[in-house]
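Participant: Predicted structure and sequence below. I'll ask about it afterward.
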Amino acid sequence: MQVKPFKDNDENEQEEQLPPLEGRLIGFANTKPELDAIVDALHSQGYSDSRITVMSGPEGIHRLTHLDEEFFFSDPEYQAIEFGLKELEAGHFLVAIEVEDRDAAARITELATSRGGHSFQYSGGWVSERLSK
């Protein structure tokens with residue numbers, strides 16, 4: 001999977017928007033080979049690229065920084081955004097996967113952490129839960 005950059009909405013209204021957080025598992029990969037291994041494993045489990053969002057670099061930092069303009073968050077979500085910014089600033093990759101439910105999130109977390117992924121958090125309808133370190 002190619003990492004698709006996000007661009008500033010102000011430049012072009014047709015550009016890709018961030019997907020909603022609800023129903024997503026979000027975690028991190030420190031290196032491109034780890035990211036590739038996670039994405040390959042997701043593909044092998046039937047997850048298509050349309051269900052996977054990857055962010056990195058300045059574009060990812062920009063989008064994550066401006067989430068508060070697009071959504072309302074509580075303290076735990078703001079903490080997750082701050083953590084995500086630190087990860088992206090360190091040159092790591094954010095990977096978000098659209099999942100069916102918490103059980104699917106737990107299975108994917110196990111799959112991804114065995115390939116170097118870390119800090120996975122599931123955002124359900126009423127809960128936000130950290131599933132890995």
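Facilitator: That came through, no problem. Residues are numbered from 1 along each chain as shown.

Participant: chain center to stretch 105-125: distance?
Facilitator: Distance of stretch 105-125 from its chain centroid, counting by CA atoms, centre = their mean, to the nearest Å, is 10 Å.

Participant: what comes up buried for that stretch?
Facilitator: Buried residues in stretch 105-125, defined by neighbour count with 16 or more other CB atoms under 10 Å: 105-106, 108-109, 111-113, 115, 117-124. All C-beta atoms are positioned from the backbone trio N, CA, C, and that covers glycine.

Participant: Those residues in helices, which ones?
Facilitator: Among the buried residues of stretch 105-125, the residues falling in helices (DSSP state H) are 105, 106, 108, 109, 111, 112, 113.

Participant: Tell me the one of those residues nearest residue 21?
Facilitator: Residue 21 lies nearest to residue 105 out of these, by CB to CB, at 12.4 Å.

Participant: for that closest one, what are its contacts?
Facilitator: 25, 97, 99, 120, 122, 131 (CB atoms under 8 Å, 6 or more residues apart in numbering).

Participant: Quick check: the second one is in a strand.
Facilitator: Meaning residue 97. Yes. Under DSSP: H, G, I helix; E, B strand; the rest coil, residue 97 falls within a strand.

Participant: And the pLDDT at it?
Facilitator: Looking at residue 97, its pLDDT stands at 94.

Participant: Run a quick neighbour tally on the closest residue to residue 90 other than its chain neighbours.
Facilitator: Once flanking residues are discounted, residue 90 sits nearest to residue 30: 7.9 Å by CB to CB, 6 or more residues apart in numbering. Neighbour count for residue 30, taken as other CB atoms under 10 Å: 15.

Participant: Grab the most central residue of the protein for me.
Facilitator: The centre of the chain sits closest to residue 96, judged by CA atoms, centre = their mean, with a distance of 2.8 Å.

Participant: lowest average confidence, helix or strand, in the protein?
Facilitator: Every helix and strand of the chain was ranked by mean pLDDT, DSSP states H and E. The lowest is helix 67-70, at a mean of 59.

Participant: Name the next helix or strand downstream of it, please.
Facilitator: Remark: after helix 67-70, the chain's next helix or strand is helix 75-89, criterion DSSP states H and E.

Participant: hang on, isn't residue 52 packed against residue 36?
Facilitator: No. With contacts counted by CB atoms under 8 Å, residue 52 stays clear of residue 36, the gap being 11.9 Å.
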